[in-house]
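[1] Please find the sequence and the predicted model below.
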Amino acid sequence: MRIAVAGATGSIGALTTTALEKAGHEVVRISRSLGVDLLTGEGLDAALAGADAVVDTTNCTATDPEETVAFFGTVTRNLLAAEKKAGVRHHVLLSIAGMSRVDGNAHYVGKREQERLVAEGPVPWTIVPATQFHDFAEMVAAWTEQDGVATIAPLLVQPIAPADIADVLAEIATGPQAQGRYVDVAGPETQDLVDMARRTHQARGREVKLIPTWSGPFGTSMAGEVLLPGEGARIAPTTFEEWLEGQRSV
């Protein structure tokens, strides 16, 4: 099959590309750095010519709700319009488990708009809600780290290995048909985000003082079991500790 991966140079996009190519599929990498601009649509028609499916792993770093809605809205509309024109038969969207239960998070506002556009769009679709990735805690701590000190919310999560979710996306994209809203996909164990950050820093040989707090981008609406997967979730195999072992040499 010929599969296009939007956001192909990002972490999950690159891993999904690798999984697809390993399975023998032809992959078209969609990224601004590779000459395809999803915000303007430049190069998109040519990239999607002959594509059977599209996997959307694009991400946005904006922290304002209007900006995230504008980004995800523009990218998704451009993708869907080009897919319809090219006769693409399946749009696979990577999304976030539990975000419908969270208010006030700017990123989630944009992702909800993205989901809406896909579900109401002209291309058969599968939305894949995944829990946070194993490298999420380190990334969150890095947002505020200064002089060896970082603040981080004490979130309860059930994180998944990036390579595991990439394998799921590749499997669904090459499957026989679109599946609508897929079950939540998560890792095998619950974890505390503060402890995850501490252990990741230790694995990398770094000393960072972590200060747990809700006064940041993640408010108390994300406390408790809000971010955990729902019933019937698909559980990926790789534990956080197994993933961490692979990071110790990095």
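    Structure received.

[2] Any chance of the backbone angles for the closest residue to Q179 other than its chain neighbours?
    Once its chain neighbours are removed from consideration, Q179 has its nearest residue in T126; the separation is 4.5 Å (C-beta to C-beta, 6 or more residues apart in numbering). (Each C-beta comes from the backbone N, C-alpha and C, glycine too.) Main-chain torsions, T126, degrees, to the nearest 10: phi -130, psi 120.

[3] Now do the contacts for T126.
    With contacts defined as C-beta atoms under 8 Å, 6 or more residues apart in numbering, the neighbours of T126 are 90-93, 172, 178-182.

[4] Going along the chain, name the strands of this structure.
    Remark: strands of the chain, listed N- to C-terminal, are 2-6, 26-30, 53-56, 90-96, 125-130, 149-152, 156-157, 180-181, 185-186, 191-192, 209-212, 234-235; assignment by DSSP state E.

[5] bridging residues for the residue nearest to Q179?
    Going by DSSP bridges, T126 is paired in beta bridges with V92, G180.

[6] just the one 4 residues further on next, same as before
    Beta-bridge pairing for A130 (DSSP bridges): I96, V185.

[7] Which one of the strands of the chain lies nearest to A62?
    Evaluated with C-beta to C-beta, the strands of the chain place strand 90-96 nearest to A62, the distance being 15.6 Å.

[8] Just want the angle from that closest one to strand 2-6.
    With axes from the mean of the first three to the mean of the last three C-alpha atoms, to 10 degrees as the basis, strand 90-96 and strand 2-6 are set at 30 degrees to each other.

[9] By mean pLDDT, flag the weakest helix or strand of this protein.
    Across the helices and strands of the chain, the lowest-confidence element by mean pLDDT, DSSP states H and E is helix 240-247, at a mean of 91.

[10] List the buried residues in the longest helix along the chain.
    Looking across the chain with DSSP state H, the single longest helix is helix 65-86. Applying a neighbour-count criterion of 16 or more other C-beta atoms under 10 Å, the buried positions in helix 65-86 are 65, 68-72, 75-76, 78-83, 86.

[11] Endpoints of stretch 169-177, how far apart?
    End-to-end distance of stretch 169-177 (C-alpha to C-alpha, to the nearest Å): 13 Å.

[12] hang on, I meant stretch 161-180
    Taking C-alpha to C-alpha as the measure, stretch 161-180 stretches 23 Å from start to finish.

[13] any residues touching it, and which ones?
    For stretch 161-180, contacts defined as C-beta under 8 Å, 6+ apart pick out 1, 3, 11-12, 15-16, 18-20, 23, 25, 53-55, 57, 89-92, 94, 124-128, 130, 133-135, 182, 185, 187, 234, 236-238, 242-243.

[14] Can you tell me which of those residues are buried?
    Burial of those was assessed by neighbour count (16+ other C-beta under 10 Å); the buried members are 3, 11-12, 15-16, 19-20, 25, 53-55, 57, 90-92, 94, 124-128, 130, 133-135, 182, 185, 187, 236, 238, 243.

[15] Next one: S249, what pLDDT does it get?
    We have a pLDDT of 53 for S249.

[16] Please report how far the residue lying farthest from the centre of the chain lies from E138.
    Relative to the average C-alpha location in the chain, and by C-alpha atoms, centre = their mean, no residue lies farther out than D147, which sits at 29.4 Å. Here the distance between D147 and E138 works out to 17 Å (C-beta to C-beta, to the nearest Å).
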